[in-house]
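> compute the structure for the input listed below.
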Amino acid sequence: MTIDIKYENYSVKDFLEDDLFLQWQLAPTETLDEFWKQVLQQYPHQEANLSDAVRTLHSVTINHVSLSRREEDKMLQNIYARYRRHRVRRFIYWSTSVAASLILLFLLVSPLRDFTGEKVNVMLTDVQSVRLDTIQDVQLIIGEKKTIAMAEDADISWTKEDEIEVNGRSSNSTYKSRIDADVTYSTLLVPYGKRSFLTLRDGTKVWINSGTEVRFPVNMEGKERSIYVDGEIYIEVAKDKERPFYVHTSGFDVRVYGTKFNVTSYKADKEKSVVLVDNGIDVQDVDIARLQEVLKTDPLSDGSVPEILVDNDDKSCVELNGVWNFNFDTYRGYGLNFLVDDSKGDTLKTVKYIPDVQVVGEYEVYMFFPRLESAATYTSVGVYDGKNMEEKQIYKDDVEVVGQTGGEWVYVGKYTLAKGRDAYVEISNKGADNVVAADAVLFRPVKK
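Residues are numbered from 1 along each chain as shown. Alright, predicted model coming up:
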């Protein structure tokens, strides 16, 4: 691929609106990985903006890992399961515009709220859900009469007013089907391990994550547009100031007129979220600084203690000692990149992760471990709780990577952390016999 000169002056918002960037993050390939690596080589000054864009997009929990029910049952036997099944909530540092957008969207979302005072169309929620762990193929159910199954990721779109087209991504196979006049809605089932892309009749684009069910009407010509979601989607709603677009879920309804946002609402999960990426909603004036401070200590607005994620490129929370190299292997790493050292401990090098602890208490500490073929036998990790230092070795052979990824969250231990920035986790090359990787560290509050 040729590197477009436009990337030279891209902002974080520009990256988030770039189709190639979205495709890279939502459906990565080796070609796209190489392309964005070349972008950074040609425009190294864009590393910070690109990292912020990746972190922002991942904060909406577009999940790159998916599991079957059998895999989930296996993983629930150990601590890793909770981070793959429920997805780590990424604690990010928002720019003012992104944080404001998220907050303002939150103000417009409430459990099963009727925004207009009129009765919302509930036809889409009347159908019995299908257990997605019982199917292996992507299935498009047209009404109640016809089912199109694809054994691969699929792209679905309207080609004519009465015809829908399904394309397989890997095989380039195409299937077209006429829609009978009596069909009012269709259902798209995306099982674990698969993804799909749907273009609705009004031009709205929907990226569907694994383990997700989407029901959508055939005719979107009424006074309002709506879909029902059980799972996770990223959606770009076609603008129409006269007709609102509703996303119905089991936990809340969202109304917009044309914007980009992510919805995570699995019926089986207690945690549900909506994150706005684009400013496309008319809202009241708010005190952004005050709301940002509230979100810092109460991001879920439920009084719970927030998780703290410190990634290797969070410059305000990471201190480097020695020269570390970047590795842009997004398959094995968390986010855009991670740090590596291949000096085999000739000179001591460290990466210190310093959380900004807002609430005193017990925290479980996890580190993201990229599984490299050339990884050292063990990685030295030190945890300082503000008073005492504890050193540990994480052995690569003890790390079990499960799912469609080349890395895994590893439990380090439980510690009582004081408020402030005294505590830290330090990854070093001490005693290394090969390559040491330093990626992200998560501090998860222990629920009482």
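
> what score does Ile235 have for pLDDT?
Model confidence at Ile235, expressed as pLDDT, equals 90.

> then Gly382 would be within a strand, right?
Yes - Gly382: assigned to a strand according to DSSP: H, G, I helix; E, B strand; the rest coil.

> I figured it hits Ser428, correct?
Yes - look at Gly382 against Ser428 with Cβ atoms under 8 Å: they come within range, at 7.1 Å. In this view, the C-beta of every residue, glycine as well, is placed from N, C-alpha and C.

> which one of those two is surrounded by more residues?
Taking neighbours as other Cβ atoms under 10 Å, Gly382 and Ser428 compare with Ser428 leading, 22 against 17.

> got the contact list for the more buried one?
Taking Cβ atoms under 8 Å, 6 or more residues apart in numbering, we find Ser428 in contact with Leu348, Lys349, Thr350, Val351, Ser380, Val381, Gly382, Val436.

> ok, these vs Asp133, which is closest?
Relative to Asp133, the closest of these is Val381; by Cβ to Cβ it sits at 35.2 Å.

> neighbours of the closest one, how many?
Close neighbours of Val381, defined as other Cβ under 10 Å, add up to 22.

> nearest residue to it other than its sequence neighbours?
Leaving aside its chain neighbours, Val381 sits nearest to Lys392 (5.0 Å; criterion: Cβ to Cβ, 6 or more residues apart in numbering).

> Provide the strand pairings for the helix or strand that contains that neighbour, with the direction of each partner.
Assessed by DSSP states H and E, Lys392 sits inside strand 389-395. In the sheet, strand 389-395 lines up against strand 378-384 (antiparallel) (DSSP bridges).

> touching the strand it pairs with from outside, list them.
365, 367, 369, 389-396, 412-413, 415, 422-432, 436-437.

> let me see the mean pLDDT of it.
On average, the pLDDT along strand 378-384 is 96.

> dump it to CSV, keeping only the CA atoms.
Output of strand 378-384 as CSV, limited to C-alpha atoms (Å, rounded to 0.1, in the frame of the first residue of the first chain):
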residue,chain,number,x,y,z
TYR,A,378,11.1,-15.5,33.0
THR,A,379,10.3,-11.8,33.4
SER,A,380,11.3,-10.0,36.6
VAL,A,381,8.5,-8.0,38.1
GLY,A,382,8.6,-5.8,41.2
VAL,A,383,5.5,-4.4,43.0
TYR,A,384,5.9,-1.5,45.4
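
> what bridges to Ile141?
For Ile141, the beta-bridge partners under DSSP bridges are Thr147, Thr187.

> hang on, isn't it packed against Val183?
No - here Ile141 does not reach Val183: they are 10.3 Å apart, not a contact under Cβ under 8 Å.

> sketch out the low-pLDDT regions of the protein for me.
For the chain, applying pLDDT under 70 flags the ranges 1-2, 26-27, 58-131, 145, 159-161, 270-271, 277-303, 403-404, 448.

> list the contacts for the closest residue to Ser173 other than its chain neighbours?
Among residues not flanking Ser173 along the chain, Asn167 sits closest, at 7.2 Å (Cβ to Cβ, 6+ apart). Contact partners of Asn167, counting by Cβ under 8 Å, 6+ apart, are Ala154, Asp155, Ile156, Ser157, Ser173, Thr174, Tyr175.

> what about those, which are in strands?
Among these, the ones falling in strands (DSSP state E) are Ala154, Asp155, Ile156, Ser157, Thr174, Tyr175.

> ok so, going back, how close does the residue nearest to Ser173 get to Leu140?
Distance, Asn167 to Leu140, using Cβ to Cβ, to the nearest Å: 11 Å.

> intersection of neighbour lists for those two?
Common contacts of Asn167 and Leu140 (Cβ under 8 Å, 6+ apart): Ala154, Ile156.

> can you show me the strands along the stretch 301-448 of the chain?
Under the criterion DSSP state E, counting those that start in this stretch, the stretch 301-448 of the chain contains strands at 308-310, 318-321, 325-327, 338-341, 350-353, 361-370, 378-384, 389-395, 407-417, 424-428, 436-438, 441-445.

> out of the ones you listed, which is the most enclosed?
When the strands of the stretch 301-448 of the chain are scored by mean count of other Cβ atoms under 10 Å, the highest mean neighbour count falls to strand 436-438 (a mean of 28).

> show me what that one is in contact with.
Here strand 436-438 makes contact (Cβ under 8 Å, 6+ apart) with 312, 324, 327, 333, 338-342, 351, 369-370, 372, 375-376, 379, 427-429.

> pretty sure the residue nearest to Val381 is in contact with Gly413, am I right?
Yes - counting by Cβ under 8 Å, Lys392 touches Gly413, with 7.0 Å between them.

> what's the neighbour count on the nearest residue to Asp356 once chain neighbours are set aside?
Spatially, and ignoring its direct neighbours in sequence, Asp356 is nearest to Arg421 (5.6 Å; Cβ to Cβ, 6+ apart). Number of residues near Arg421 (other Cβ under 10 Å) recorded here: 13.

> same deal with Ser196?
Neighbourhood size, Ser196 [other Cβ under 10 Å]: 26.

> that one contacts Ile156, correct?
Yes - assessed by Cβ under 8 Å, Ser196 is found in contact with Ile156 at 6.6 Å.

> give me the common contacts of the two.
Listed as contacting both Ser196 and Ile156 by Cβ under 8 Å, 6+ apart are Leu188.

> could you verify my assumption that Leu372 touches Val435?
Yes - the pair Leu372 / Val435 is scored as a contact, 5.7 Å apart, by Cβ under 8 Å.

> overlap of the contact sets of those two?
Common neighbours of Leu372 and Val435 are listed as Val340 (criterion: Cβ under 8 Å, 6+ apart).
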